[in-house]
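J.: Have a look; sequence and predicted model below, questions after that.
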Amino acid sequence: MRIGIVVDSTCDLPEAYYQEHNIRILPISIRLGDELLVDKRGSADTARFYRDQLDAKGRDAESIPFSVDQIRSVFLEELVLDYDLVFCITVSGKRSQIFDNATQASFSILKEYQKVRADAGVPGPFSMRVIDSKTLFSGTAVLVCEAVELIRSGANRNAIRLNIDQMIPHICGYMVPEDLGYVRDRGFKKGERKRLSDSMRGLALTVGSALSMHPVIRIHGGEENPATVNRSYEKSVRRLFEHVAGRIRGGHLISRHVCLSYAGDMERVPAMPGYGDLKAAADDKGIKLLVSTMSPTGAINVGAGCLFVAYASENDQFD
């Protein structure tokens, strides 16, 4: 059976990983003033976004997920021919319309695929599963990596789905924004589903008016809460990396991957305080540490310089 994976463009994985495992992407459009950026995780467009657009236009940007018809077209034109089963893993349904749109599109896809496959001479049935990751960014990436490993090992469809379902409640994401003022200024937009930037704005106000404070924010179970607050970005980053390294060394992870994304120049990451120890812990325990640029869609919500780290662990509490 040919099994494929589809994600939306907020899933933060390295470009080479997408290519190696042929993971397909549902793009998200971003309206930046008079410009429209289609976030396909292309390296050139992403580099231009961080260089020229985020600081100038990010505060007022609007993200536009693929519609039901657009998702239907992607599947019927490509995926129903390339695969027999597709797992479509989306960003949290509480933060985006993508899960709902993909679910609605699946009804039409499963009714119409037979003629498409028959006309192309592709035998057999097609099926798809739309999964709400209930997390964000690198958190979704952890689920995808675990599914990839199962597919590569030859696991059957039920084992893959069961593993994903069991892991979702244990995905732990931690985020360190560099500029709380940015997320405070993003504000709320009427008529939209509650966005991550809305929650982040509330957290910024909770932390206090002193926007020089830098929280480590825990994302788990669909909620965002401050895990700790420090007076410098560097200290919060170090605390976060120390926490993750400790969870790895203590054998607490139930995922084989830790995924990290950064909203900016990736050359900055290896020099961050505590990163070397985190990488050493992952290498020692055979955990794969995947580092990628945060998607433009993610970055417009959390601002330049935001760091996000995710893994799966039981009974995770910030030290």
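T.: Cool, the structure landed.

J.: does residue 176 have beta-bridge partners, and which?
T.: For residue 176, the residues forming beta bridges with it (DSSP bridges) are residue 307.

J.: Would you mind measuring from the residue nearest the centre of the chain to residue 307?
T.: The centre of the chain sits closest to residue 137, judged by CA atoms, centre = their mean, with a distance of 1.9 Å. Relative to residue 307, residue 137 is positioned 11 Å away (criterion: CB to CB, to the nearest Å). In short, each C-beta sits where N, CA and C put it, glycine included.

J.: what do you get for residue 40?
T.: Where residue 307 is concerned, residue 40 sits at a distance of 23 Å (CB to CB).

J.: on that earlier part again, shared neighbours of residue 137 and residue 307, which are they?
T.: Between them, residue 137 and residue 307 have residue 261 as joint contacts when contacts are counted by CB atoms under 8 Å, 6 or more residues apart in numbering.

J.: so what's the closest residue to residue 159 other than its chain neighbours up against?
T.: Nearest residue to residue 159 in three dimensions, chain neighbours excluded: residue 150, at 6.6 Å (CB to CB, 6 or more residues apart in numbering). Listed by CB under 8 Å, 6+ apart, the contact set of residue 150 reads 159, 160, 163.

J.: Quick check on the residues you listed: which are buried?
T.: Neighbour counting over the contacts of residue 150 (16 or more other CB atoms under 10 Å) leaves 160, 163 as the buried ones.

J.: Keep only those of the contacts of residue 150 that are in helices.
T.: Per DSSP state H, helices hold the following members of the contacts of residue 150: 159, 160, 163.

J.: Using TSV, please lay out those together with distance to residue 254 and pLDDT.
T.: What follows is the ones in helices among the contacts of residue 150, written out as TSV (distance: CB to CB, whole Å; pLDDT from 0 to 100):
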residue	distance to residue 254	pLDDT
159	15	96
160	16	97
163	10	96
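
J.: still on that earlier bit, if I look at the residue nearest to residue 159, how far off is residue 138?
T.: The spacing between residue 150 and residue 138, counted by CB to CB, is 19 Å.

J.: returning to that earlier point: show me which of the contacts of residue 150 is closest to residue 242.
T.: Each of the contacts of residue 150 was scored against residue 242 by CB to CB, and residue 163 proved nearest at 29.0 Å.

J.: Spatially nearest residue to that closest one (excluding sequence neighbours)?
T.: Leaving aside its sequence neighbours, residue 163 sits nearest to residue 150 (CB to CB, 6+ apart; 5.9 Å).

J.: in which helix or strand would I find the one you found?
T.: Residue 150 is part of helix 138-153, with elements assigned from DSSP states H and E.

J.: Would you agree residue 31 is in contact with residue 53?
T.: No: shown here, residue 31 and residue 53 do not form a contact pair, counting by CB atoms under 8 Å, at 11.1 Å.
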